[in-house]
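Visitor: Fold the following, please.
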Amino acid sequence: MNAQGTLFGTTNGGGETPCYCGTVFELQPPAKMGSAWTFSALHSFAGGKDGAYAGQKLALAGDGSLFSVTTSQGDPNCTSRCGTVFELAPPAAGQTSWTETVLHRFTGGADGGQPRGSLLLLPSGVLYGTTGYAGSFGAGTIFRLTPPGTGKTIWKETVLYSFKGTTDGYDPNGAMARDKTGNLYGITENGGQGIGVIFQLTPPASGQKTWTETPLYSFSGGTGGEYPAGGVLLSNSGSLFGVVGDAADTAVWELTPPSGGTGPWTEKYAYTYVGSSASVPLSVGGTLYLASSQGGISCSANPSYGCGFIFSIAR
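Guide: As a prediction, this is how the structure comes out:
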């Protein structure tokens, strides 16, 4: 949402024929309370070099530009699990059309493939994200995309880490978070000691080039939870929050850093509920807000499981 209250989003399908490869859209609030909002499709993906299947959260820059990923197509030499990173720039003065620019087309090789989850956008314009596939070991990557310098047009993609698919996890997905020292935090849907990992990626020490991945916690399945999704939220206290499912229900987990800065992190369930959610909690004044795609009261569209609900968690 921008300062004018306009909402922006993506769809994983639909849009213009014949591709139906997804869209970027906006919803403008009405001038009068209670009136209808105005929907506009800003871009329809055409497949091929343009990429296909958006459906991920958008990152909004200060100049109004939107950044996100498509999970398929892009590089014409990539046969599957490719994808793109794109920018959608607002219309220039006197114009009405938004301009889409593909910043990077994944090859499905060492640079990764099938980016998943929203991008992390820094004030400098640098983007961080994950791919759930490919990389040096075929288990996914964490990448950085750096804006071009003065007089240049090419963005530079750098793979910061390639998952090995062992205790470090594999298939990273969802939104990452970044602390004040530059550490990145995220999740993998699989791998580790159990079924999914919460990880930390530490920048290189002075004079070094290699980033260091550290598994902070591994989910074990069953009542221990499995298949974390949606990414992580970093609180002001340094704790991480996210969502995980288990054998019976879904839980919001909290991972607390060790006292004194050394030792293992501590994981606990902040709240358990009957429902389904892959969203990252939204924090407002210390209260967490989430949406579940199932549960709640019975409805005609899904009488067995319910059509979902929105809820908050407060300490």
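
Visitor: From one end of stretch 11-26 to the other, what's the distance?
Guide: With CA to CA, to the nearest Å as the measure, the ends of stretch 11-26 fall 11 Å from one another.

Visitor: Can you list the buried residues in it?
Guide: Within stretch 11-26, the residues scored as buried using 16 or more other CB atoms under 10 Å are Thr11, Gly15, Cys19, Tyr20, Cys21, Gly22, Thr23, Val24, Phe25, Glu26. Where you see a C-beta, it was placed from the backbone N, CA and C, and this is true even at glycine.

Visitor: Now tabulate the residues you listed in TSV and tack on distance to Met176 and pLDDT.
Guide: Converted to TSV, these look like this (distance: CB to CB, whole Å; pLDDT from 0 to 100):
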residue	distance to Met176	pLDDT
Thr11	23	93
Gly15	28	92
Cys19	29	91
Tyr20	30	92
Cys21	25	94
Gly22	22	95
Thr23	25	96
Val24	21	96
Phe25	25	96
Glu26	25	95
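
Visitor: Closest one of those to Thr146?
Guide: For these, the residue nearest Thr146 by CB to CB is Val24; the value is 22.9 Å.

Visitor: sorry, back to before: and the buried residues of stretch 11-26 as JSON lines, adding distance to Thr210 and secondary structure?
Guide: Rendered in JSON lines, the data for the buried residues of stretch 11-26 read as follows (distance: CB to CB, whole Å; DSSP: H, G, I helix; E, B strand; the rest coil):
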{"residue": "Thr11", "distance to Thr210": "38", "secondary structure": "strand"}
{"residue": "Gly15", "distance to Thr210": "41", "secondary structure": "coil"}
{"residue": "Cys19", "distance to Thr210": "40", "secondary structure": "coil"}
{"residue": "Tyr20", "distance to Thr210": "42", "secondary structure": "coil"}
{"residue": "Cys21", "distance to Thr210": "37", "secondary structure": "strand"}
{"residue": "Gly22", "distance to Thr210": "36", "secondary structure": "coil"}
{"residue": "Thr23", "distance to Thr210": "39", "secondary structure": "strand"}
{"residue": "Val24", "distance to Thr210": "36", "secondary structure": "strand"}
{"residue": "Phe25", "distance to Thr210": "41", "secondary structure": "strand"}
{"residue": "Glu26", "distance to Thr210": "41", "secondary structure": "strand"}
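
Visitor: Which two among the residues you listed are spaced furthest apart?
Guide: The largest separation in the buried residues of stretch 11-26, counting by CB to CB, is between Cys19 and Glu26 at 20.5 Å.
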